[in-house]
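Peer 1: Give me coordinates for this.
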Amino acid sequence: MATTKPLTGDTSIADWLADPTGSAILTDMLAQGGQSPDVFKPVRRLAIKRLVKMSRGAFTQEMLDDLVSRAAAGEVPDGTLIVEVAAADDLEADATPTVQLREWTERINAGRFTGKTVIVTGAGSGIGRATASRVAREGGRVIAVDVSQDRLDEFVADHSGADIVSLTADITDDAGVARIVAAAGDTIDALANIAGIMDDMTPVGDLSDAVWERVMRVNVTGTMKLTRAVIPAMLAQGGGSIVNTASEAALRGSAAGAAYTASKHAVVGLTKSSAFMYGPSGIRVNAVAPGPTITNIEATFGSPLGAERIQFGMSILPDAAEAEALAASITFLLSDDGVNVNGVVLASDNGWSAA
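Peer 2: Residues are numbered from 1 along each chain as shown. Modelled structure (predicted):
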């Protein structure tokens, strides 16, 4: 069924694909890059204008303006109309709700982190960047940590006037961890352990030592080292908040390979142990378990069996969230709003864990 409203930047991707003209134009654009409309499946309910920010330069405002102009003029690329209308109908029947869903919009709580120093790892991109950005915009002093100086420079440039200390450091290296703590100073109010890496989706029978050791080193050892390093300051000041990044792979076996799944289960164990040990000292330690999220971490498949099983397990995958939605969950736990929450693994996954 074609939409009767003009196609604009505020129109959802699903409605663009459900419109004969819009579907043909989008399909033609994607085909030039060797892709199909299936690439939009995780974000089909978002307004198409959101792709400008999310794509980080791959889809520009000029490209969007051109699409809208072509749709208004009815410029349908030759040879795509009949085939793509059928594809759009399939997508609409499968995914488009009969009632337009409300779109979430980030709302800043001004002053929530005023006077607070917060360390955020992985701050150069994805969930880490969104979290560091929100803390900074809510008045906090951010120690933004990443392995990429270019990404950090871009982050700082986008937050002119904010209190940000950017630092390139490897969280698995003791010297790097020491520099992070030193940059924070005597008071460390909160730590967001967000830096992490994905595995290659291999089951244990195909798992290489190199993949296992690299994933565990970053996701577990790095998280442990920085957590261990901030504990003395938090004990001395009478409290603090730590949020670790787990994953749906910490709650189920069908979300990743053996290495990543084991690493995120370990993060949950570290979280709960730390919450129990340090809760009486005023330190809250929680974890967020993201579901599908639009970040710069890409999944690769190093095993035919891993690809088959994981893709089957992801057949009930909900729509992907923007990193800002995860930052909302993380900053809640980091802030005083989470005052009575300790030792919790918060599934921020659009209901995936309930399926």
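
Peer 1: Helices along the chain, start to end?
Peer 2: Here the chain has its helices, by DSSP state H, at 13-18, 20-32, 50-54, 61-73, 81-95, 126-137, 149-157, 174-184, 209-216, 223-237, 258-278, 304-313, 323-334.

Peer 1: What is the third one packed up against?
Peer 2: I take that to be helix 50-54. Applying 3 or more Cβ pairs under 8 Å, 6 or more residues apart in numbering; DSSP states H and E, one finds that helix 50-54 contacts helix 61-73. Any C-beta I mention is one placed from the backbone N, CA and C, and that applies to glycine too.

Peer 1: Among the helices of the chain, show me which one is buried the most.
Peer 2: Highest mean neighbour count among those (mean count of other Cβ atoms under 10 Å): helix 126-137, with a mean of 27.

Peer 1: State the mean pLDDT of it.
Peer 2: Mean per-residue pLDDT for helix 126-137: 97.

Peer 1: quick one on the thing from earlier: among the helices of the chain, which comes closest to M201?
Peer 2: Comparing the helices of the chain by their distance to M201 (Cβ to Cβ), the top pick is helix 304-313, with 4.0 Å.

Peer 1: Where among the helices of the chain is average confidence lowest?
Peer 2: helix 81-95 (a mean of 43).

Peer 1: Indicate which one of the helices of the chain is closest to R107.
Peer 2: Of the helices of the chain, nearest to R107 by Cβ to Cβ is helix 323-334, at 8.7 Å.

Peer 1: any idea how far the lengthiest strand in the chain is from the chain center?
Peer 2: If you go by DSSP state E, the chain has its longest strand at strand 283-290. Offset of strand 283-290 from its chain centre (Cα atoms, centre = their mean, to the nearest Å): 15 Å.

Peer 1: Kindly report the same for stretch 113-132.
Peer 2: For stretch 113-132, the distance to the chain centre is 13 Å (Cα atoms, centre = their mean).

Peer 1: same question, stretch 116-135
Peer 2: Taking mean C-alpha positions (Cα atoms, centre = their mean), stretch 116-135 and its chain are 11 Å apart.

Peer 1: re the thing from before, let's test this: mean pLDDT of the longest strand of the chain, rounded?
Peer 2: 96.

Peer 1: May I have it as PDB, with CA atoms only?
Peer 2: Provided in PDB are the C-alpha atoms of strand 283-290 (Å, rounded to 0.1, in the frame of the first residue of the first chain):
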ATOM      1  CA  ILE A 283      29.900   2.600  45.600                       C
ATOM      2  CA  ARG A 284      27.200   1.500  43.300                       C
ATOM      3  CA  VAL A 285      28.200  -0.900  40.400                       C
ATOM      4  CA  ASN A 286      25.700  -1.800  37.700                       C
ATOM      5  CA  ALA A 287      25.800  -3.000  34.100                       C
ATOM      6  CA  VAL A 288      23.800  -2.200  31.100                       C
ATOM      7  CA  ALA A 289      23.100  -5.000  28.600                       C
ATOM      8  CA  PRO A 290      22.500  -3.400  25.200                       C
END
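
Peer 1: rewinding a little: for A110, find the nearest of the helices of the chain.
Peer 2: Nearest to A110 among the helices of the chain is helix 126-137 (8.3 Å), distances taken as Cβ to Cβ.

Peer 1: ok so, going back, packing partners for the longest strand of the chain?
Peer 2: Against strand 283-290 (3+ Cβ pairs under 8 Å, 6+ apart) you get helix 223-237, strand 240-245, helix 258-278, helix 323-334, strand 345-348.

Peer 1: Quick check: which of these is nearest to G122?
Peer 2: strand 240-245 (8.1 Å).

Peer 1: what angle separates the closest one from helix 258-278?
Peer 2: 160 degrees (axes from the mean of the first three to the mean of the last three Cα atoms, to 10 degrees).

Peer 1: In its sheet, which strands sit next to strand 240-245, and in what direction?
Peer 2: Next to strand 240-245 in the sheet, as set by DSSP bridges, lie strand 190-193 (parallel), strand 283-290 (parallel).

Peer 1: Mean confidence (pLDDT) on the shortest one, please.
Peer 2: The reference is to strand 190-193. Mean predicted confidence for strand 190-193 is 98.

Peer 1: now what about it, what contacts it?
Peer 2: 116-121, 128, 131-132, 135, 171, 222-223, 226-227, 230, 240-245, 330, 334-335 (Cβ atoms under 8 Å, 6 or more residues apart in numbering).

Peer 1: For A144, report the pLDDT, please.
Peer 2: 98.

Peer 1: where's the closest residue in space to it that isn't next to it in sequence relative to I171, distance?
Peer 2: Nearest residue to A144, sequence neighbours excluded (Cβ to Cβ, 6 or more residues apart in numbering): A123, at 3.7 Å. Relative to I171, A123 is positioned 12 Å away (Cβ to Cβ, to the nearest Å).

Peer 1: Which one's more surrounded, these two?
Peer 2: Shown here are A123 and I171; by other Cβ atoms under 10 Å, A123 has more neighbours (32 against 25).

Peer 1: Which of the helices and strands packed on strand 283-290 sits closest to S23?
Peer 2: Closest approach to S23 among the helices and strands packed on strand 283-290 (Cβ to Cβ): helix 323-334, 27.3 Å.

Peer 1: so which of the helices and strands packed on strand 283-290 gets nearest A72?
Peer 2: Distance to A72, taken as Cβ to Cβ, is lowest for helix 323-334 among these, at 30.2 Å.
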